[in-house]
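Peer 1: Okay, predicted coordinates and the sequence, questions at the end:
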Amino acid sequence: MNFLEKLQNICSKNNSLVCVGLDPDPKLLPEKMGVFEFNKAIIEATSDLVCAYKPNLAFYEAMGDEGMKALRNTVKTIPSQIVVIGDGKRGDVGNTSKAYARALFEILGVDAATLSPYLGFDSLEPFLQYKDKGSIILCRTSNPGAVDFQSLKFVTPSGSQPLFEIVADKAHAWNTNGNIGLVVGATFPEELKLIRQQHPDMPILIPGIGAQGGDVGITTKFGISPQGDKAIINSSRQILYASQGKDFAEAARKATLALRDEINKYRGS
């Protein structure tokens, strides 16, 4: 089963477009609780409500050996039918990218990776060669500074286009194996709408709701495909830290359920 098939299967099974970002901050965890123990409790409380989990590699790398051990154990704990996205925003020259791809897909065993397209096709090709894995390319990111480069306009054969639109078009052209997706932030809804209209069949990972202020209704309306799927709507802090008490897992479940139901309300309308 390839990445897109796995994503569609779990979205249908759990009736969910919710992705939980597993970005643990040791300072915010319940007292005396380790990162893996925390992640395991979150996963057990929410795995029937999500389509994906997205561990951000930086949070684990910053904790050294213990963090990397927690990351490996977390990935192994996630039920096999749920998509796992390794969020490292990788992308580098040939041999380095080959090593990154092997580390994420073969060693860590994730189903998809987030990638930076700045170095061009050859920096992404080692990832794309894993035909059953997902390559999710940064297009229009959710942070305020995204406008510094992604909004710059360039002359193209079809006229003038912003860089993020050119990236989406390139990704579409490279998508010969059907394993490429895009990252488009909920904090730029008009751009999300445009990218979805231009690329109706590509999966889109959508960060930026919750703590970053993206609107769930608008994000769902603009982000889903014509079939009502292929949107992976991420929430991290809003779910992980719904409570910092002993009831953190129960609170995370309630927050995930509320988000799933709100998304589905707008999917239905």
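Peer 2: On my side now, so go ahead.
Peer 1: all strands of the protein, in order?
Peer 2: With strands called from DSSP state E, the chain shows them at 18-22, 52-55, 83-90, 112-115, 134-140, 153-156, 159-162, 180-184, 204-206, 231-235.
Peer 1: Please tabulate those in TSV, including the columns mean pLDDT.
Peer 2: Listed next are the strands of the chain as TSV, based on pLDDT from 0 to 100:
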stretch	mean pLDDT
strand 18-22	98
strand 52-55	98
strand 83-90	98
strand 112-115	98
strand 134-140	98
strand 153-156	90
strand 159-162	90
strand 180-184	98
strand 204-206	98
strand 231-235	97
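Peer 1: what's the closest of these to residue 7?
Peer 2: Nearest to residue 7, of all those, is strand 83-90, at 5.2 Å by Cβ to Cβ. Quick note: C-beta positions are derived from backbone N, CA and C, even for glycine.
Peer 1: Nearest to residue 248, out of the strands of the chain?
Peer 2: strand 18-22 (13.1 Å).
Peer 1: Out of the strands of the chain, which gets nearest to residue 105?
Peer 2: strand 112-115 (7.2 Å).
Peer 1: just checking, what packs against that closest one?
Peer 2: Packing partners of strand 112-115 (3 or more Cβ pairs under 8 Å, 6 or more residues apart in numbering; DSSP states H and E): strand 83-90, helix 121-128, strand 134-140.
Peer 1: looking at those, which is closest to residue 233?
Peer 2: Of all those, it is strand 83-90 that lies closest to residue 233, at 12.4 Å by Cβ to Cβ.
Peer 1: Can you name the residues in contact with the closest one?
Peer 2: With contact meaning Cβ atoms under 8 Å, 6 or more residues apart in numbering, strand 83-90 is reached by 3, 6-7, 10, 19, 21, 51-58, 75, 78, 97, 100-101, 104, 108-116, 127, 134, 136, 138, 205, 232.
Peer 1: Including mean neighbour count and distance to residue 222, could the strands of the chain go into TSV?
Peer 2: Below are the strands of the chain laid out as TSV (neighbours: other Cβ atoms under 10 Å; distance: least, Cβ to Cβ, whole Å):
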stretch	mean neighbour count	distance to residue 222
strand 18-22	26	17
strand 52-55	26	19
strand 83-90	24	21
strand 112-115	28	20
strand 134-140	27	12
strand 153-156	10	21
strand 159-162	13	17
strand 180-184	27	9
strand 204-206	26	9
strand 231-235	27	9
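Peer 1: Would you reformat those as TSV and include distance to residue 246?
Peer 2: Output for the strands of the chain, formatted as TSV (distance: least, Cβ to Cβ, whole Å):
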stretch	distance to residue 246
strand 18-22	20
strand 52-55	23
strand 83-90	27
strand 112-115	33
strand 134-140	35
strand 153-156	52
strand 159-162	48
strand 180-184	35
strand 204-206	32
strand 231-235	22
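Peer 1: Need the helices and strands packed on strand 112-115 in JSON lines (columns: distance to residue 198).
Peer 2: Converted to JSON lines, these look like this (distance: least, Cβ to Cβ, whole Å):
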{"stretch": "strand 83-90", "distance to residue 198": "23"}
{"stretch": "helix 121-128", "distance to residue 198": "20"}
{"stretch": "strand 134-140", "distance to residue 198": "11"}
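Peer 1: Appreciated, that's everything.
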